[in-house]
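Peer 1: fold the following, please.
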Amino acid sequence: MNSVRRIGYILLFLFCSSGFGTALHAQQHVDIEAYRDEADKIINSAMNGNEKFEYLSLFADTFGHRFSGSESLENSIDWIVKEMKKDGFDRVFTQDVKVPHWVRGEESATLVSPRRSDLPMLGLGGSVATPEEGIEAEVLVVSSFEELKEKAEQAKGKIVLYDVPFTSYGKTVQYRLNGAVEAAKVGAVASLIRSVGPFSMQTPHTGTSRYEEGVKKIPHAAITLEDAAMIHRMSKRGDTIRILLKMEAKTLPDATSRNIIAEIKGSEKPEEIVVFGGHIDSWDVGQGVMDDAGGCFAAWEALRIMKELGLQPKRTIRVVMWTNEENGLRGGNAYRDMIMENGTLDNHILAMESDGGVFEPKGFGFSGSDEAFAMIKEIGKLLEPIGSDTINRGGGGADIGPIMREGVPGMGLVVDGSRYFWYHHTAADTIDKLSAEEYNKCIATMAVMAYVAADAEKTLPR
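Peer 2: You can find the predicted model right below:
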């Protein structure tokens, strides 16, 4: 081999090994121009009118919250399955899932001194009850777990209040998850947290909490940002603060719920599956539209658009509405177990989730191989007309997490999240917080991505 030819091969190898070479390689397997007309048809169909948003509104107003173990959740699942069967999908079915059944009951928090005031509050998921007469005790305010340890001697027999301003969800939620355990370790009789969120209009936020084996279980609840800050100011002035906490919370035996599954069979490789969706359960306050009926319905509408346009991809496209994401993740785990048992795990080529609210979509975060990432970025270019074409590294979702950990490439819809934690897990998660246009864009974004990934000549490589 002469030196010129040798140099040429070396350059070719380096070129193909580079990110640019990978992107070009992917481009050869995702001819996005061949999908331009279909993508435009999907987008136009999704953006046409407000009927889809009205359908979501009907659902939200009819069923309200859909907490695991509740009648409202199961009634909503019955309704969805009935409606899905009218759409003519190739398959609509459910998967039974045993879910936790925690019931809030009546509850209240009353500031007794230095003045009397009823405090808006929400018990945290999984909390134990107070005695029937409640717990009245002096309050110790702390701003961190470290400060609690420093003041451990002062905490005995008191109600601990964690007044921790929101920085990020991942950091601040630790006080909701573990606050009762840490307070109990130093002898507190109950614990309260400043609700996990950056904004409030006297709206407490609920969510899951944990207990630890060998540590006494004490009642655990959330109060509002405003009241936590007020009580902290009182404490700094030297006031003696007393609160009366009453909670009837109880945990019942596990109940039966269901994952909802609908699909369009692939025309050439039906055994290969692109799955996407959200979680149909919600907390027991508000309507759970932002978190996460909107994500579920956006996926459903995306599949319906493909059906109405007569688009049948080469691979099967499956929508799943997972149950019990909020306080157990039983639906996501049960789905993983089902596809591992029936031997279809390896056939899942892509999983996609929407669980960050159906606000203005920006694109996706993707977790998978470099070549698959390059292919997804190419497909993303078809979303430029609606501005949701940004594809970044790193993404997924709670419900697809179990199958992602088994090797399935995953991605999460990325939206403008500036208002998400204003309403997250509150009574204010209601349909009026959403926009029909933004919701329609989320539908279009998910539909184009799912369809082209399912129809591309080359299967997304792991």
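Peer 1: need the contact partners of stretch 159-176.
Peer 2: 124, 135, 137-145, 148, 179, 183, 186, 188-194, 196-198, 207-209, 222-223, 228-229, 231-232, 243, 245, 421 (Cβ atoms under 8 Å, 6 or more residues apart in numbering). (Each C-beta comes from the backbone N, C-alpha and C, glycine too.)
Peer 1: run the last query once more with 6 Å
Peer 2: Under the criterion Cβ atoms under 6 Å, 6 or more residues apart in numbering, residues 137, 139-141, 143, 179, 183, 188, 190-194, 196-198, 207, 209, 228, 232, 243 lie in contact with stretch 159-176.
Peer 1: and the residues you listed, which are buried?
Peer 2: 137, 139-141, 179, 183, 188, 190-194, 196-198, 207, 209, 228, 232, 243 (16 or more other Cβ atoms under 10 Å).
Peer 1: restricted to strands, list the residues you listed.
Peer 2: Ala137, Val139, Leu140, Val141, Ala190, Ser191, Leu192, Ile193, Arg194, Ile243 (DSSP state E).
Peer 1: OK, contacts around the last one?
Peer 2: Contacts were defined as Cβ under 6 Å, 6+ apart; by that measure Ile243 touches Ala109, Leu111, Val139, Ile159.
Peer 1: Met201: what's it in contact with?
Peer 2: Counting by Cβ under 6 Å, 6+ apart, Met201 has no contacts.
Peer 1: and it, how far from Tyr423?
Peer 2: 10 Å (Cβ to Cβ, to the nearest Å).
Peer 1: what does Ile264 give?
Peer 2: Taking Cβ to Cβ, one finds Ile264 at 33 Å from Tyr423.
Peer 1: repeat for Ala221
Peer 2: Applying Cβ to Cβ to Ala221 and Tyr423 gives a distance of 19 Å.
Peer 1: now do Arg36
Peer 2: The value you get for Arg36 to Tyr423, if Cβ to Cβ is used, is 37 Å.
Peer 1: likewise Ile80?
Peer 2: 23 Å.
Peer 1: between Arg36 and Tyr423, point out the one with more neighbours.
Peer 2: Tyr423 (22 against 12; other Cβ atoms under 10 Å).
Peer 1: name the nearest residue to the more buried one, sequence neighbours excluded.
Peer 2: Spatial nearest neighbour of Tyr423, excluding adjacent residues (Cβ to Cβ, 6 or more residues apart in numbering): Asp429 at 4.6 Å.
Peer 1: who's in contact with the one you found?
Peer 2: Asp429 touches Gly286, Gly288, Met290, Asp291, Tyr423, counting by Cβ under 6 Å, 6+ apart.
Peer 1: out of the residues you listed, what pair is the most spread apart?
Peer 2: Maximum pairwise distance among the contacts of Asp429 (Cβ to Cβ): 10.3 Å, between Gly288 and Tyr423.
Peer 1: could you list the low-pLDDT ranges of the stretch 1-150 of the chain?
Peer 2: 1-28 (pLDDT under 70).
Peer 1: mind doing that once more with 80?
Peer 2: 1-29 (pLDDT under 80).
Peer 1: how are the strands of it distributed by residue range?
Peer 2: For the stretch 1-150 of the chain, applying DSSP state E, counting those that start in this stretch gives strands covering 91-103, 107-113, 117-119, 121-123, 135-142.
Peer 1: so how far is Thr430 from Leu460?
Peer 2: Distance from Leu460 to Thr430, by Cβ to Cβ: 37 Å.
Peer 1: state the phi and psi torsions of His220.
Peer 2: Main-chain dihedrals, His220, degrees, to the nearest 10: phi -140, psi 130.
Peer 1: so what pairs up with it in the strands?
Peer 2: His220 forms beta bridges with Ser191, as assigned by DSSP bridges.
Peer 1: that one touches Asn178, doesn't it?
Peer 2: No. Applying Cβ atoms under 6 Å, one finds His220 not in contact with Asn178, separated by 9.8 Å.
Peer 1: isn't Gly69 up against Asp254?
Peer 2: No. The pair Gly69 / Asp254 is not scored as a contact, 8.0 Å apart, by Cβ under 6 Å.
Peer 1: the two - which one has more neighbours?
Peer 2: With neighbours defined as other Cβ under 10 Å, Gly69 and Asp254 compare such that Gly69 has more, 22 against 16.
Peer 1: near the closest residue in space to that one that isn't next to it in sequence, how many other residues are there?
Peer 2: The shortest distance from Gly69 to any non-neighbouring residue, by Cβ to Cβ, 6+ apart, is to His101 (3.2 Å). By other Cβ under 10 Å, the residues close to His101 number 19.
Peer 1: ok, His101 - contacts?
Peer 2: By Cβ under 6 Å, 6+ apart, the contact set of His101 is Gly69, Leu252, Ala255.
Peer 1: all set now, cheers.
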